[in-house]
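**Student:** What follows is a predicted protein model with its sequence.
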Amino acid sequence: MTDSPALTLEEAQARVLALAPAMPVKRVAATEAVGRYLAEDLVARRAQPSADLSAMDGYALCGVGSWRIVGESRAGAPFDSKLMWGQCVRISTGAHMPAGADRVLIREEAELLQPDLVTVSHDIPPGQHVRKCGFDFAEGDKVLAAGTRIGPAQLALAISAGHGQLPVRRAPRVAVLDSGDELAADPADCGDHQIPASNGAMIAAMLGALGCEVLRIGPVADDAEALAAALEQAEGADILVTSGGASVGDHDLIRPALEAWGARIDFWKVAMKPGKPVMVATRGTQVILGLPGNPVSSFVTCFHFVMPLVRAAMGASMPVPRKAMLVCGTELPAIGGRREFLRAAWDGTSATLVDSQDSSALASLAAANCLIDRPAGSEMVEAGTSVPAYLLENGGIA
Ligand SMILES: Nc1nc2c(c(=O)[nH]1)N[C@H]1C(S)=C(S)[C@@H](COP(=O)(O)OP(=O)(O)OC[C@H]3O[C@@H](n4cnc5c(N)ncnc54)[C@H](O)[C@@H]3O)O[C@H]1N2
Ligand code: MOO
């Protein structure tokens, strides 16, 4: 089963998302819901605006001709009488239109005939500069759908719709395990035969940005007993992410260690580069993603599988990343039999391939802010061609 042909990215993503454990729903202060996903449709408890309001500073008018100023309506302090024909009030932006008034003359266009008598040289049509009651949303409107990510604008909308608390799912607890005999825990103390363990920190940062509570484990040696002991630490995690040891080498022990721990392998290998030897397994409700050790492969598979899994567990309606069309600034090479995600730097005008596409090359990953999606068997394309690409949240150049 597990050595079946590599899946396509979309097949593999669908299988991973189908495994997503639904995190429990909790009502939290709206401000704490930022970065989470709504667990239910959000229905407005009030209309916005709750009355007809002026959109400008000026005069709220009743009738045509010239108008006697009989008072003022300020935001938060409405004028409480009904205007008669030929009357107006001074009005400020956001203030209630008084009863009887149906249009606003802006201050700059008003001519004062007397200290309390105003006119204008052109027609002011009914409804001019008036925001009608409920034009933004009415009480009872569905303002946000379940599965929507709460960002700053959605937060403001929810609050203005009368919600001080929002129902959201917590982020999953994720254990991230680095494995490999060559890994040094301390980058400042790394022998010639070692490399600093950078994948765990990178994956933890990617998941931390989604709000996950991350438990770092390791680095763990390529040793069945050490791996078994390390896996015990992941007992309470909703998701376990391993990096390294996923391939076919004699020291690639992750798969047998997971199986010995009770994990059931769902699939292994996806037809993509970088990131082919990605492994997905379950253990009860826990979902386990074994990412390939090459740092760029770890990054790309975290981007395509782990982050969508986390978003799905949090209830996102659109958990997988979406593509934009970017113009390539340089020609792109022909692609072999495996779909490739090419690192490139997009400057707002065009996307240029970074120096190396080797799956170990971290300098070129750090210089990239997008992944150009090149299907298997693609022909070479000329500079200036639009190609699909995923934009990356990748440090200062994003
Ligand atoms: N005979 C074959 N060899 C390889 C194949 C294959 O199909 N047949 N696939 C290659 C591909 S593609 C990849 S990707 C790698 C994946 O290998 P593993 O997941 O087994 O990873 P390792 O061998 O443990 O490490 C690969 C590379 O990455 C470095 N590494 C590992 N963990 C970390 C970490 N936490 N932080 C930083 N760097 C890490 C490790 O030192 C190696 O250099 O396999 C190919 N081989
Ligand atoms: O396909 Mo491996 O994951 O990059 O070099």
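**Tutor:** Thanks, I have the structure now. Numbers count the residues shown, from 1 in each chain. Ligands and ions are numbered 1, 2, ... in the order given.
**Student:** Per-residue pLDDT of A95, please?
**Tutor:** We have a pLDDT of 97 for A95.
**Student:** what's near enough to touch it?
**Tutor:** For A95, the contacting residues are 53-54, 73-78, by CB atoms under 8 Å, 6 or more residues apart in numbering. All C-beta atoms are positioned from the backbone trio N, CA, C, and that covers glycine.
**Student:** out of these, which are inside helices?
**Tutor:** Judged by DSSP state H, helices contain none of these.
**Student:** Taking these, please make a PyMOL selection of just the buried ones.
**Tutor:** Selecting only the buried entries of the contacts of A95 in PyMOL, with 16 or more other CB atoms under 10 Å as the criterion:
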select buried, resi 53+54+73+78
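**Student:** For the residue in the chain that ligand 1 sits nearest to, which non-adjacent residue is spatially closest?
**Tutor:** In the chain, the residue that lies nearest ligand 1 is G293 (2.5 Å; CB to the nearest ligand atom). Leaving aside its sequence neighbours, G293 sits nearest to G244 (CB to CB, 6 or more residues apart in numbering; 3.2 Å).
**Student:** List the buried residues of stretch 121-136.
**Tutor:** Neighbour-count burial for stretch 121-136 [16+ other CB under 10 Å]: 124, 128-131, 133-134, 136.
**Student:** Please disregard the earlier target; I meant stretch 160-176.
**Tutor:** Buried residues in stretch 160-176 (16+ other CB under 10 Å): 161, 163, 166-176.
**Student:** for stretch 91-99, same thing?
**Tutor:** So for stretch 91-99, counting by 16+ other CB under 10 Å, buried means 91-92, 94-98.
**Student:** And for stretch 240-256?
**Tutor:** Here stretch 240-256 shows 240-247, 252-255 as buried, counting by 16+ other CB under 10 Å.
**Student:** What of stretch 322-331?
**Tutor:** Buried-residue list, stretch 322-331, by 16+ other CB under 10 Å: 326, 328-329.
**Student:** Now intersect these with the helices, please.
**Tutor:** Going by DSSP H, the helices hold none of those.
**Student:** Looking at those residues, which are in strands?
**Tutor:** L326 (DSSP state E).
**Student:** nearest to V25, of the buried residues of stretch 322-331?
**Tutor:** When the buried residues of stretch 322-331 are ranked by distance to V25 (CB to CB), L326 comes first, at 37.4 Å.
**Student:** Surely that closest one and L371 touch.
**Tutor:** No. With contact defined as CB atoms under 8 Å, L326 does not count as touching L371 (10.3 Å).
**Student:** what touches both of those two?
**Tutor:** With CB under 8 Å, 6+ apart, L326 and L371 have common neighbours 344, 389.
**Student:** What parts of the stretch 251-398 of the chain come near ligand 2?
**Tutor:** Contacts of the stretch 251-398 of the chain with ligand 2, taken as CB under 6 Å from any ligand atom, map to 273-276, 292, 294, 297, 359.
**Student:** Out of the residues you listed, list just those in strands.
**Tutor:** Among those, the members that lie in strands (by DSSP E) are K273.
**Student:** which one of the residues of the stretch 251-398 of the chain next to ligand 2 sits closest to G284?
**Tutor:** Checking those one by one against G284 (CB to CB), the nearest turns out to be P292, at 24.8 Å.
**Student:** Next, the contact list for that closest one, please.
**Tutor:** Taking CB under 8 Å, 6+ apart as the test, what P292 contacts is 243-244, 246-247, 274-278, 298, 301, 359.
**Student:** again, 10 Å this time
**Tutor:** 199, 242-247, 252, 274-279, 298, 300-301, 359 (CB atoms under 10 Å, 6 or more residues apart in numbering).
**Student:** cool, L391 as well?
**Tutor:** Here L391 is in contact with 321-324, 326, 346, 351, 369-371, 398 (criterion: CB under 10 Å, 6+ apart).
**Student:** Just the closest of the buried residues of stretch 121-136 to T385, please.
**Tutor:** D136 (41.5 Å).
**Student:** which residues touch the nearest residue to the closest one once chain neighbours are set aside?
**Tutor:** Once flanking residues are discounted, D136 sits nearest to Q48: 4.2 Å by CB to CB, 6+ apart. Contacts for Q48 (CB under 10 Å, 6+ apart) come out as 131, 133-139, 141, 143, 157, 160-162.
**Student:** rerun at 8 Å
**Tutor:** 134, 136-137, 160-161 are the contacts of Q48 under CB under 8 Å, 6+ apart.
**Student:** In CSV: those, plus pLDDT and secondary structure.
**Tutor:** Below are these laid out as CSV (pLDDT from 0 to 100; DSSP: H, G, I helix; E, B strand; the rest coil):
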residue, pLDDT, secondary structure
G134, 97, coil
D136, 97, coil
F137, 98, strand
S160, 98, helix
A161, 98, coil
